[in-house]
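In: Test case, fold it:
(chains A and B)
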Amino acid sequence: MTDPMRASPAPSVADAARALRSGEVTSVDLTHATLARIAAFDDQVHAFVQVDREGALLQAEAADDLFRRGIDRGPLQGVPYALKDICDAAGLPTTCQSRLRLDHVAERDSAVVSRLRDAGAVLVGKLSTFEFALGGPSFDLPFPPTRNPWDLSRTAGGSSSGSGAAVAAGFVALTVGTCTTGSIRGPAAWCGAVGLKPTFGRVSRRGIFPLAPSLDHCGPITRTVHDCAAMLSAMAGHDPEDPASLEEPVPDYMVGLEDGVAGRRVGVPEAFFATSPLLTDAARSGIEQAIAWLHQGGAVIETVDLPDYGLFVACGRVLMTAEAFAIHRTDLRERLADYGSITARRFAVGAAIGAADYIAALDLQKALSRAVDQALQRVDVLLTAISLAPAPLLSTATTPVVWPLQASTFNVSGHPAISVPIGLDATRFPLAVQIVGRRLDEATILRAARTLERLSGWAAEPLPPLADPARKTTACSLR
Amino acid sequence: MKTTGTSPTQDDDALLRAELLAAFAREGIAYPPDRLEEAVAEYLQLKRLLAVVATAGVPPEPQADTSR
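Out: Take a look at the predicted model:
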């Protein structure tokens, strides 16, 4: 008989919060169920690089104690979550999926972990990533690459691979990811999760191993839009120890989440994706359907012009490569053999970028940011593509490839952007779209995403089944 | 007219490789020879993107006065 504790996927924050406060479950119950499901199924997915069973149960007991004493810190109290393994959690290794850091134990929580701890959330473990958030997916790293729960032969995307996969596998409803050129929205899109890259500086990067400081963001990857809003509300806020951190107050992103999009102007930069040779018919239909749903919700749709998509890609790549090289310069000279082959290649070529090239990219970044600002003066949000095609098959090849994603754009410009699932293609692989907002207007993109989630019916879509080794079948329904 | 007897593409590849190796040498990076082709392919992609940035036509941001 299947163990009931591992049979059910992790509940959403809304469901967990209700059950915790009604006394139906305790945080210890939820955490035991989470740990059991991970133990049963993660050998298929490889979402986790470390599970902190003892630490998680201590945190869960503390959360239950708070409830017993009548202390309620909000919707995340007592709810399990997991953390991308480039983010520090005191007492746990931050390996960055690299042989260079297998022995590195964090002495202090990163800012996001500190905030989530204050909110009473329960950290269950560290999640798989590309090496230093760039080099992957690869089989020559200390831990295996994450597999996509929707199709285990495919990548979960990256670099927040484990974050997307952990949500799709039903291990947790909440994860922390990071994003430099699309590493939140890419895995979210390919894993059927909600992924939000906030405004640059909205969430502190303190305690997160940097890839490219002018492009790095931190944000949630979650099961639902409501969960995303709840998590962002806890994660966001000023941190004087992050030089890029914004001092703007943080609203409660769950307020007004059901307000819809009536009267909102939605801009579609068609030139970005309409003629891309990578765009499948299914992805194109998905975008068209999303536009129709927003129109159905009362939004006014119009085409907008943005600078050529290739400019954003070029700008982002040059900035990322130059800054990453600067960070890894010494280790590339002294420990090149300890890097994975993809990581070594992608970092080392930064040696050939000169100062004039880098400054030209910075100037271009400013111009592109202004152009997006100007477009968002005429419309409230942009709706555009994120995944142009399904995730590639996992491969042992290490040659450079182009992935069918459009995500780096808004890392370059710094605007908030959310990937929201809208359905499945004919092969039952997730489809998603991207919604972009004005700086610091995460609330509006969350409302638009919630509208799509509601009209698409996505929240009712079962998670992909994972084979239960105890039943010795190839697939089973876990609901 | 070229007198080397090599095609323009081979000359371009050789130039690319030489540039990359010079950058590695400058930084003291001993890149494994058996993986160099992948690095050259990566560098080719990067060069194309650098050219896109260089020709984007963005005027430089005004700089502080350094004439003192």
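In: Please name the bridge partners of A:E302.
Out: Beta-bridge pairing for A:E302 (DSSP bridges): A:G267.
In: The residue nearest to A:E453 when sequence neighbours are not counted - how many residues pack around it?
Out: In this structure, A:E453 finds its nearest non-sequential neighbour in A:V225, 5.0 Å apart by C-beta to C-beta, 6 or more residues apart in numbering or on different chains. No exception for glycine: its C-beta is placed from N, CA and C like everyone else's. Here the count is done by other C-beta atoms under 10 Å in any protein chain shown, and A:V225 has 28 residues near it.
In: The one 10 residues further on now?
Out: Summarising burial for A:M235: neighbours were counted as other C-beta under 10 Å, giving 25.
In: Contact partners for it?
Out: With contacts defined as C-beta atoms under 8 Å, 6 or more residues apart in numbering or on different chains, A:M235 is in contact with A:112, A:115-116, A:176, A:203, A:218-220.
In: Likewise for A:I435?
Out: A:381-383, A:417-418, A:420, A:445, A:448-449, A:452.
In: thought A:L368 was touching A:L311?
Out: Yes. Look at A:L368 against A:L311 with C-beta atoms under 8 Å: they come within range, at 6.3 Å.
In: counting contacts, what elements does the one helix or strand A:A188 maps to pack onto?
Out: Using DSSP states H and E, A:A188 maps to helix A:185-191. If you count contacts as 3 or more C-beta pairs under 8 Å, 6 or more residues apart in numbering or on different chains; DSSP states H and E, helix A:185-191 packs onto helix A:161-168, strand A:174-179, strand A:194-197, strand A:217-222, strand A:417-424, strand A:430-437.
In: Could you rerun that using 7 Å?
Out: helix A:161-168, strand A:194-197, strand A:417-424, strand A:430-437 (3 or more C-beta pairs under 7 Å, 6 or more residues apart in numbering or on different chains; DSSP states H and E).
In: in its sheet, what does the third one sit against?
Out: Spelled out, it's strand A:417-424. Next to strand A:417-424 in the sheet, as set by DSSP bridges, lie strand A:194-197 (antiparallel), strand A:430-437 (antiparallel).
In: Next, format those as JSON lines and append mean pLDDT.
Out: Putting the strands paired with strand A:417-424 into JSON lines (pLDDT from 0 to 100) gives the following:
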{"stretch": "strand A:194-197", "mean pLDDT": "98"}
{"stretch": "strand A:430-437", "mean pLDDT": "98"}
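In: so which of those strands gets nearest A:L100?
Out: Taking C-beta to C-beta, strand A:194-197 is the member of the strands paired with strand A:417-424 nearest to A:L100, at 26.4 Å.
In: ok, and what's touching the closest one?
Out: A:177, A:179, A:184-185, A:187-188, A:217, A:219-222, A:224-225, A:228, A:232, A:410-411, A:416-420, A:442, A:449 (C-beta atoms under 7 Å, 6 or more residues apart in numbering or on different chains).
In: For chain B, what lies in contact range of chain A?
Out: B:19-20, B:23-24, B:26-31, B:35, B:38-39, B:41-43, B:45-46, B:49-50, B:52-54, B:56, B:58, B:60-61 (C-beta under 7 Å from any C-beta of the partner chain).
In: Please pick the buried ones from the contacts of strand A:194-197.
Out: Burial by neighbour count, 16 or more other C-beta atoms under 10 Å in any protein chain shown: within these this picks out A:177, A:179, A:184-185, A:187-188, A:217, A:219-222, A:224-225, A:228, A:232, A:410-411, A:416-420, A:442, A:449.
In: Run through the stretch 351-479 of chain A and note the low-pLDDT ranges.
Out: A:468-479 (pLDDT under 70).
In: That one against chain B: which residues are in contact?
Out: A:351-352, A:357, A:360-361, A:363-364, A:366-367, A:398-400.
In: Let's have those in JSON lines, adding secondary structure.
Out: Output for those, formatted as JSON lines (DSSP: H, G, I helix; E, B strand; the rest coil):
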{"residue": "A:A351", "secondary structure": "helix"}
{"residue": "A:A352", "secondary structure": "helix"}
{"residue": "A:D357", "secondary structure": "helix"}
{"residue": "A:A360", "secondary structure": "helix"}
{"residue": "A:A361", "secondary structure": "helix"}
{"residue": "A:D363", "secondary structure": "helix"}
{"residue": "A:L364", "secondary structure": "helix"}
{"residue": "A:K366", "secondary structure": "helix"}
{"residue": "A:A367", "secondary structure": "helix"}
{"residue": "A:T398", "secondary structure": "coil"}
{"residue": "A:T399", "secondary structure": "coil"}
{"residue": "A:P400", "secondary structure": "coil"}
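In: Which residue ranges of the stretch 51-200 of chain A form strands?
Out: A:80-84, A:122-127, A:147-148, A:151-155, A:174-179, A:194-197 (DSSP state E, counting those that start in this stretch).
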